[in-house]
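Asker: Sequence first, predicted coordinates after that:
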Amino acid sequence: MSEDSKSDVRIEVEDDRTGMHPVTLERAVLDHLNYTVLKDARSANLADLYTAVAHAVRDRLVRRWIQTQRAYYDNDAKRVYYLSAEFLMGRALGNNLLNLGIWDSVAELLGSHGIELGHLLEEEHDPGLGNGGLGRLAACFLDSMATLGIPGVGYGIRYEFGIFEQHIQDGWQVEKADAWLRYGYPWEVARVSYAVPVQLYGRVETTQDADGNYQARWVDTQSVLGVPYDVPVAGYGNNTVNTLRLWRARASSNFNLGVFNDGDYRRAVEEKADGETISKVLYPDDRSPEGRELRLKQQYFFTACSIADILRRYLKHHDTFDELPNKVAIQLNDTHPAIAVAELLRVLVDDHGVPWERAWDITRNTIAYTNHTLLPEALETWQREMFSRMLPRHLQIIEEIDRRFRREVQIFAPTDQDRVRRMAIVSDGDDPAIRMAHLAVVGSHSVNGVAALHSELLRTRVLKDFADVWPHKFNNKTNGVTPRRWILLANPRLSKAISARIGEGWVTDLDQLEKLNAFVDDTEFHQELRSIKRANKQALAKVIYERHDLEVSPESIFDVQIKRLHEYKRQLLNCLHIIAHYQRLKADPTVQVQPRTFIFGGKAAPGYLKAKLHIKLINDVAATINADPAMHGKLKVIFLANYGVSLAQQIIPATDVSEQVSMAGKEASGTGNMKFAMNGALTCGTLDGANIEIREAVGADNFFLFGLDAEAARAKKEAGYNPRAEIENSPRLRDVLELIASGFFSPDDPKRFDPVLHDLWNEDTYLSCADFNSYCEVHERIDAAYADQDRWSRMVVANLANVGRFSSDRTIKQYAEDIWGAKPVSVELP
């Protein structure tokens, strides 16, 4: 080779921080093992290796992360800011490997060293940043925004302990602190330079400027510092990496040195401890005044930090706030961040001198509100007295909004003074309260529900007065879930089977699942689906045995209800049916039925004593049934402790029957129902929330419907519902309640469940007795359908093929087009 030709040879070596080749990835992991974890390959354990791999993967996200922010900045793109008290993200490593397209490379790399990727993924602790559907929806939305290229930021709280760890001791729920940050969190980056001071308490001084205009100064306040921690949110198959920014509360000063030197060590750090309590725990128990005050403080803290951060970013490009609604969309995920209305108005008026009318117009056109509940008690209110102490300036602003709004309502309905009272933001009476949902509606340009029925009930019942005044504000955005986590990651066997028949386009366009309609009668596909389900059930059976020392048969129907414990979700109804089924099997041992495994999971709020008693009842029933030799091979019941995202990813693919049994008219939407249907489970449900739309999509013949609909339930209530009559007209239900009352399930304390029985006989707020017979009958239909495996398989395919509309990608596109006015921005890597 000549000297000239030698000079033309170029050897390219990928950067260890950004390269995607398996050899480069191996170098990167070893580098982090040495220099981040301080271990070598010989001394490292699996947790060390997880940390090294996570950092190597994060490096690949960082390049895209920086480039994403640069693209948004250069385009002066309109950004969406999603404010939520919860973000139930789930484990990050597996999701990021999929979205970056390096799952196989990392699996191969680990395999070459005798390590299974699945075992490594188990080393990651679920971030304890949410409790249920609200937080999981927020996580799905962030995933979809990144995948669609929508410029978005999630804002929340970096809870040190988050939601509690649930332990089951003697059948009772016991809460223990969830120290999810115990070993650090490799995905987060502290951004100390963007810390935000937040003011609390104090008083308001009023003056006039030189022109005689009213001015307010919030003085003598206590200060706490909000320190942001950023978590990358990667899009699937693109270069977009959006941000989840979580705020940690820090004291503005660590301790009082003078007091410390005087020997009062405890008082010296009181300010630090008090300030940092704000971000300690998700949803502190609000049965005490201190708990309620901490909740309000949390809500204001993360909202104030977020508003300050949003405006800091906006002012990089703009000298006035005239363009704020065209460049910023703030979405309130339920009422927790509703104080944003008053905070944005305060900052514009007090800090930047924007006239009230102009500031109010900007605020309204920037903020949108998603309502997530039909339960009156869940529409948050705060006592005026507490507000006046903690947020005196905000109280003034809210009362001025309320004064002007009351006048607007008077003009709308001059003779209807009761309407003014009903719609007021600040309630009348001796103990006035701030109605946060009313503030959110009045201060937003859009108010949406999260399922068709829910949105209709908001317009016609819960928020009817507001919809009468502003019909244009109200709209529906049915929830959705991301298929990346809930099919591709959670159910790789099913994903492979689908892609083999229709290609991989469904991962980002779930409507393509419609192509599976061509396989409804395909016996080969049926057989493969049954094999996949059996393998998933075997995997879950192993988990159940390892966690609870209970053997369950994968040949049985896996009948599952996993969701937050609440009376309206009616875990109790499910339990009553299980007892009835048990009694039937005991009365006639020869009866031919399909073997069943009933699986529960979910947490009750620490102060929700009724729900905790329901957990105890389920566990006492389970203990009795599982110990009965006559039930071997026929019936098992298990309550899986500490339900969360990762456990859901194991349960949902293994489920045959999805229990969605809330009282009609109470569930806003539900998203678990969508995840189950996407994984080939058939729904047993009422006409409530998104169940209605799922049934419409998959076909009535492929959905097990029971119970009263919302109108019938309402009519029964209004007619003077008498649960005693329902019980006396149902021998099966009466027998169930008598068995519970006899102490059969609680021989150590026969009266333990008297409160449950008293409620069922005398109140039955959520109509479990009224729906009981229908519920038992639908389970007989389920049994018959499962006995015909060909029919069951056709129903499964019909579900899989027709749930594309329940992708969160569809939901986010609708938000972006109808509410936010946000457009995708393409991110190119140089």
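Answerer: Sure, I can see it.
Asker: which element is the closest residue to E728 other than its chain neighbours on?
Answerer: Sequence neighbours aside, R734 is the residue nearest to E728 in space, at 6.6 Å (criterion: Cβ to Cβ, 6 or more residues apart in numbering). In short, each C-beta sits where N, CA and C put it, glycine included. Here R734 sits within helix 731-741, counting by DSSP states H and E.
Asker: what mean pLDDT does the next helix or strand along the chain from that helix have?
Answerer: For helix 731-741, the following helix or strand on the C-terminal side (DSSP H and E) is helix 754-762. For helix 754-762, the mean pLDDT works out to 98.
Asker: Give the next helix or strand downstream of helix 754-762.
Answerer: helix 768-787.
Asker: Which positions in that next one come out as buried?
Answerer: Within helix 768-787, the residues that count as buried by 16 or more other Cβ atoms under 10 Å are 768-773, 775-776, 778-779, 782, 785-786.
Asker: All the helices of the stretch 101-250 of the chain, in order from the start?
Answerer: 103-111, 117-121, 133-148 (DSSP state H, counting those that start in this stretch).
Asker: Which one, of these, ends up nearest to K496?
Answerer: Closest approach to K496 among these (Cβ to Cβ): helix 103-111, 12.4 Å.
Asker: contacts for the closest one?
Answerer: Identification of contacts with helix 103-111 by Cβ atoms under 8 Å, 6 or more residues apart in numbering yields 20-22, 25-26, 29, 53, 57, 94, 97, 116-117, 120.
Asker: can you check stretch 649-656 too?
Answerer: 90, 485-486, 489-491, 493-494, 533, 536-537, 539-540, 543, 557-560, 562, 599, 601, 640, 672, 675-676, 679-682, 786.
Asker: Can you list the buried residues in it?
Answerer: For stretch 649-656, using 16+ other Cβ under 10 Å, the buried residues are Q649, Q650, I651, I652, P653, A654, T655, D656.
Asker: Closest one of those residues to I339?
Answerer: For these, the nearest to I339 is Q649 (34.2 Å; Cβ to Cβ).
Asker: how far away is the closest one from V481?
Answerer: Q649 sits at a distance of 12 Å from V481 (criterion: Cβ to Cβ, to the nearest Å).
Asker: on that earlier part again, identify each buried residue in the helix holding R734, please.
Answerer: Buried residues in helix 731-741 (16+ other Cβ under 10 Å): R732, L733, V736, L737, L739, I740.
Asker: same thing with stretch 358-375?
Answerer: Of the residues in stretch 358-375, those buried (16+ other Cβ under 10 Å) are 359-360, 362-374.
Asker: Name the stretch among the helices of the stretch 101-250 of the chain that sits most buried.
Answerer: helix 133-148 (a mean of 26; mean count of other Cβ atoms under 10 Å).
Asker: Now do that one: which elements does it pack against?
Answerer: Where contact means 3 or more Cβ pairs under 8 Å, 6 or more residues apart in numbering; DSSP states H and E, helix 133-148 is packed against strand 79-83, strand 152-157, strand 222-234, strand 241-251, strand 328-333, helix 808-815.
Asker: what's the closest non-adjacent residue to D334?
Answerer: Using Cβ to Cβ, 6+ apart, the nearest residue to D334 is H372, at 4.5 Å.
Asker: tell me the contacts of that neighbour?
Answerer: G133, L134, N333, D334, V450, A668, S669.
Asker: wait, which of those is closest to D76?
Answerer: When the contacts of H372 are compared against D76 (criterion: Cβ to Cβ), the nearest one is N333, at 25.6 Å.
Asker: Any figure for the gap between the closest one and Y50?
Answerer: 30 Å.
Asker: With neighbour numbers in mind, choose between those two.
Answerer: Between N333 and Y50, counting by other Cβ atoms under 10 Å, N333 is the more crowded of the two (24 against 21).
Asker: Quick check: the more buried one touching L134?
Answerer: Yes - assessed by Cβ atoms under 8 Å, N333 is found in contact with L134 at 6.7 Å.
Asker: hey, what's in contact with both of these two?
Answerer: Contacts common to N333 and L134, judged by Cβ under 8 Å, 6+ apart, are S84, A85, E86, H372.
Asker: Please work out how many residues are found near the third one.
Answerer: A count of nearby residues for E86, using other Cβ under 10 Å, gives 26.
Asker: Quick check: closest non-adjacent residue to it.
Answerer: Using Cβ to Cβ, 6+ apart, the closest residue to E86 is G135 (2.9 Å).
Asker: swap in V736?
Answerer: I579 (4.7 Å).
Asker: Packing partners of the helix or strand harbouring the one you found?
Answerer: Applying DSSP H and E as the criterion places I579 in helix 571-587. On a contact count with 3+ Cβ pairs under 8 Å, 6+ apart, helix 571-587 meets strand 596-601, helix 609-626, strand 635-640, helix 731-741, helix 768-787.
Asker: These into JSON lines, with extra columns for distance to A146 and mean pLDDT?
Answerer: Shown next, in JSON lines, are the helices and strands packed on helix 571-587 (distance: least, Cβ to Cβ, whole Å; pLDDT from 0 to 100):
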{"stretch": "strand 596-601", "distance to A146": "28", "mean pLDDT": "98"}
{"stretch": "helix 609-626", "distance to A146": "35", "mean pLDDT": "98"}
{"stretch": "strand 635-640", "distance to A146": "31", "mean pLDDT": "98"}
{"stretch": "helix 731-741", "distance to A146": "48", "mean pLDDT": "98"}
{"stretch": "helix 768-787", "distance to A146": "38", "mean pLDDT": "98"}
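Asker: okay if I get these as TSV plus distance to I434?
Answerer: Shown next, in TSV, are the helices and strands packed on helix 571-587 (distance: least, Cβ to Cβ, whole Å):
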stretch	distance to I434
strand 596-601	36
helix 609-626	27
strand 635-640	38
helix 731-741	42
helix 768-787	34
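Asker: Regarding T683, what is its secondary structure?
Answerer: Using DSSP: H, G, I helix; E, B strand; the rest coil, the structure places T683 in strand.
Asker: how deep is it tucked in, by neighbour count?
Answerer: 22.
Asker: Beta-bridge partners for the residue nearest to it when sequence neighbours are not counted, please?
Answerer: Counting by Cβ to Cβ, 6+ apart, T683 lies nearest to S658, which is 4.9 Å off, once chain neighbours are set aside. Per DSSP bridges, the residues bridged to S658 are V560, T683.
Asker: what residues are up against A273?
Answerer: A273 neighbours (Cβ under 8 Å, 6+ apart): A251.
Asker: any idea which helix or strand carries it?
Answerer: helix 270-276.
Asker: mean confidence for that helix?
Answerer: On average, helix 270-276 scores 72.
Asker: Give the next helix or strand downstream of it.
Answerer: Heading C-terminal from helix 270-276 (DSSP H and E), you reach helix 289-314.
Asker: How far does stretch 229-247 stretch from one end to the other?
Answerer: 6 Å (Cα to Cα, to the nearest Å).
Asker: next one: that stretch to chain centre, how far?
Answerer: 17 Å (Cα atoms, centre = their mean, to the nearest Å).
Asker: ditto for stretch 19-31
Answerer: 34 Å.
Asker: What of stretch 205-216?
Answerer: On Cα atoms, centre = their mean, the centre of stretch 205-216 falls 44 Å from that of its chain.
Asker: Residues in contact with it: which ones?
Answerer: V204, R217, V219, D350, R393, Q396.
Asker: Please identify which pair of those residues lies farthest apart.
Answerer: V219 and Q396 (13.4 Å).
Asker: and these two? which has more neighbours close in?
Answerer: Neighbour totals were compared for V219 and Q396, and Q396 leads with 17 against 12 (other Cβ under 10 Å).
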